[in-house]
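how does the following fold in three dimensions:
(2 chains)
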Amino acid sequence: MIRIVRAEWRKLRRPTLFLGTIGAALFFTGLTSTFLYLMIDSEQGNGDRGRQIGREVLELAGGSVYGFASVGGLLGVIALCVFAAQTAQEYTYGTLRNILVRQPGRIRILVGKLIAMKIFALIMILISAAVSIGISYFLSDRAKVSTELWFTSDGYTEIGKTLVNVTISVVYFGIVGMVLGLLLRSPISAISIGVLWILIIENLLGAVKPVFLEWMPGNQLTLIAQGGSADISYSHALTLGTSYVLVGALVATVLFSRRDVAN
Amino acid sequence: MTSLAISVKDLSKKYDSGFAVSHANFEVPLGTICGFVGPNGAGKTTTIRMLLGLITPTGGTAEVLGESITHPEKYLSRVGAMIEGPAFYPALTGEENLKVLATLGGYPIERVAELIKTVGLEGRGNSKYKTYSLGMKQRLGIAAALLPEPKVLVLDEPTNGLDPEGIQEVRDLLKKLASQGTTVFVSSHLLSELEIISEYIVMLRKGEVVFAGPIQDLFLMQQPFILVKTDSQSDLQKIVAIAEADGHKATIRSEVAHIEGPTDWAGTLNRKAFDAGILITQLSPQMPNLEETFFEMTGEKK
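Numbering: from 1, shown residues only, chains lettered A, B, ... in the order given. Take a look at the predicted model:
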């Protein structure tokens, strides 16, 4: 197993992929965290979909990671793209046959690849968290937000909790990407269908009938990162999100382990 | 300990469109070079994929190094393979690509540099794979197949894209490996190449094995022939008449008479032609080569 993880890591660590992904994550993290503080008094809102996040919210113990939790969904979309591309490219490049000839245990290959990509995602999450907290702290003075509660034991607990939630969310998004990659066997199809569904179709359906959002997979995974919302509880998002991911992973694993490798 | 590298019994793969491989039977002894030939779509790659555990047969059984292909994990660590051309990650260097496979298979990383040299890619190992020419990609594919120091080496069209010098190098490499005890199972459309290096031949046609055995046995099954040229068309027709009168089948193709018959009959023909006042400008007894035999047995057009 460790050999598969190390082999996958050799591919993931190449500068264009590694730095490109971290760069994209930092861009979204920086943007979200900066807007949260710089536009705190803006009538157009400073949060997701024009919501107003006031000082009273940002001054709570979890205020330091509010921006980080908000960007969790976007980090998830980045993970979905990376996991989908890394999985589907084995079909398009024809490299899957090389891998299977060297390591015929198909489920072991999937698990090894997933572990390596989880490590990759974890590095992205930790860097994003540090940058988001740093930006929040740096801009808090200017936005006149008190950070008194941020670095108390409650504050640290909130940081830990958010890190766990964002990690679960990002890894779930990644598994969805991997499932799409295995099913569609094309990076372009897997990424475009995944991103289109999560960023556009779910939002359109939610705009037509808000109750749909309670059942949409992308929304559940985003809410896991944010610790739930006023309308949908964390436990609902976690239970439903986990169920979607498990069913998808099961179907993809069965298909992958039985399907002929003909390209 | 088995003396067979590959043993295939009634192996079949059926798709909705029909059989890709139908009840194939053949054996490849250890330490030989076996040519695997057949027209496009004959089922060569499907057979190779089944032997490597990439696709599941719909019927029959096969063993590689004495282990059933239902458990490829038991033999693949001793098998090197390049299937349907080289396949690597374009954004990684040639060396990095080999290191990915070496890590995956648990082979010493130091072997990568050694193999880069063996296949003649020294100085280009650090270039990205996407910058490689077809011949360089092919060489990298062969290096990847050699990573496990294989007991059985399965190569699908290893000389594709190589220049004559590269083809010669691959030929020498395969011969060297075979002399060291490696069984080489190689498919190629360069039949003249296979004829030079192969001791065994497995020939497929429309998913069925039409011949499997030592290459000499294949040639013994074929009729030798004599090629005759004269300085006029009418003399060629007289040559055909002489051959047919002696019970040999003869035809004229491209101003050359093709006579099926034992090569030692050429002397008799020469004498009879002289007696008939025919001037023969070329008399050439020929043993069938692999290409002729291939066209004969697979029914392909030359």
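
so where is the stretch 1-150 of chain B shaky, pLDDT-wise?
Residues of the stretch 1-150 of chain B meeting the criterion pLDDT under 70: B:1-2.

for it, what lies in contact range of chain A?
Contact residues (CB under 8 Å from any CB of the partner chain) of the stretch 1-150 of chain B with chain A: B:49, B:52-56, B:72-73, B:76, B:79, B:81, B:83-85, B:87-92, B:96, B:99-101, B:103-106, B:144, B:147-148. C-beta here means a position set from N, CA and C on the backbone, and glycine is covered the same way.

excluding residues flanking it in the chain, which one is nearest A:Thr32?
Counting by CB to CB, 6 or more residues apart in numbering or on different chains, A:Val71 is the residue found nearest to A:Thr32 once chain neighbours are left out, at 4.3 Å.

tell me if I'm right that the one you found and A:Gly30 touch.
No: counting by CB atoms under 8 Å, A:Val71 sits too far from A:Gly30 to count as a contact (9.1 Å).

helix/strand/coil for the most centrally placed residue in chain B?
Residue closest to the average C-alpha location in chain B (CA atoms, centre = their mean): B:Gly35, at 3.4 Å. Under the three-state scheme (DSSP: H, G, I helix; E, B strand; the rest coil), B:Gly35 adopts strand.

got a list of contacts for stretch B:52-63?
Stretch B:52-63 is contacted from outside by A:97, A:100-101, A:104, A:258, A:260-262, B:2, B:4, B:6-14, B:21, B:23-24, B:46, B:49-51, B:68-69, B:72, B:76, B:79, B:81, B:83, B:154, using CB atoms under 8 Å, 6 or more residues apart in numbering or on different chains.

in ChimeraX, select just the buried ones from those.
A single ChimeraX command suffices to select whichever of the contacts of stretch B:52-63 are buried according to 16 or more other CB atoms under 10 Å in any protein chain shown:
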select /A:97,100,101,104,261 /B:6,7,8,11,12,13,21,24,46,49,50,51,69,72,76,79,81,83,154
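
which of the contacts of stretch B:52-63 fall within helices?
A:Arg97, A:Leu100, A:Val101, A:Arg258, B:Thr46, B:Arg49, B:Met50, B:Leu51 (DSSP state H).

helix or strand: which one has A:Ala129?
Taking DSSP states H and E as the definition, A:Ala129 sits inside helix A:106-140.

got the buried residues for that helix?
For helix A:106-140, burial by neighbour count (16+ other CB under 10 Å) applies to A:106, A:109-110, A:112-118, A:120-121, A:123-125, A:128-129, A:131-133, A:135-137, A:139-140.

nearest spatial neighbour of the residue in the stretch 51-200 of chain A that chain B sits nearest to, skipping sequence neighbours?
Here the stretch 51-200 of chain A gets closest to chain B at one residue, A:Gly94, 3.4 Å apart by CB to the nearest CB. Take A:Gly94 and drop its neighbours on the chain: the residue closest to it by CB to CB, 6+ apart is B:Ala87, 3.4 Å away.

give me the three-state assignment for the one you found.
Here B:Ala87 is recorded as coil under three-state DSSP.

residue contacts, it?
Applying CB under 8 Å, 6+ apart to B:Ala87 gives the contacts A:Tyr93, A:Gly94, A:Thr95, A:Arg97, A:Asn98, B:Gly141.

next: A:Leu221.
A:Leu221 neighbours (CB under 8 Å, 6+ apart): A:Gly73, A:Gly76, A:Ser169, A:Tyr172, A:Phe173, A:Val176, A:Ala237, A:Gly241.

state the distance from it to A:Tyr244.
According to CB to CB, to the nearest Å, A:Leu221 and A:Tyr244 sit 8 Å apart.

which neighbours do the two have in common?
Common neighbours of A:Leu221 and A:Tyr244, counting by CB under 8 Å, 6+ apart, are A:Val176.

the stretch 51-200 of chain B: helices as residue ranges?
B:94-105, B:110-118, B:134-146, B:164-179, B:191-197 (DSSP state H, counting those that start in this stretch).

would you reformat the ones you listed as CSV and include mean neighbour count?
Shown next, in CSV, are the helices of the stretch 51-200 of chain B (neighbours: other CB atoms under 10 Å in any protein chain shown):
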stretch, mean neighbour count
helix B:94-105, 23
helix B:110-118, 17
helix B:134-146, 23
helix B:164-179, 16
helix B:191-197, 18
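
excluding its backbone neighbours, what's nearest the most centrally placed residue in chain A?
Closest to where the C-alpha atoms of chain A average out (CA atoms, centre = their mean) is A:Gly76, at 1.7 Å. The shortest distance from A:Gly76 to any non-neighbouring residue, by CB to CB, 6+ apart, is to A:Phe173 (3.2 Å).

what packs against the helix or strand hosting the one you found?
According to DSSP H and E, A:Phe173 maps onto helix A:153-184. Packing partners of helix A:153-184 (3 or more CB pairs under 8 Å, 6 or more residues apart in numbering or on different chains; DSSP states H and E): helix A:66-70, helix A:72-92, helix A:106-140, helix A:187-195, helix A:217-226, helix A:234-258.

just send the ones you listed back as JSON lines, with mean pLDDT too.
JSON lines is the format used below for those (pLDDT from 0 to 100):
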{"stretch": "helix A:66-70", "mean pLDDT": "87"}
{"stretch": "helix A:72-92", "mean pLDDT": "92"}
{"stretch": "helix A:106-140", "mean pLDDT": "92"}
{"stretch": "helix A:187-195", "mean pLDDT": "93"}
{"stretch": "helix A:217-226", "mean pLDDT": "90"}
{"stretch": "helix A:234-258", "mean pLDDT": "92"}
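
next, format those as a markdown table and append distance to A:Asp154.
Shown next, in a markdown table, are the helices and strands packed on helix A:153-184 (distance: least, CB to CB, whole Å):
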| stretch | distance to A:Asp154 |
| --- | --- |
| helix A:66-70 | 14 |
| helix A:72-92 | 20 |
| helix A:106-140 | 15 |
| helix A:187-195 | 36 |
| helix A:217-226 | 18 |
| helix A:234-258 | 18 |
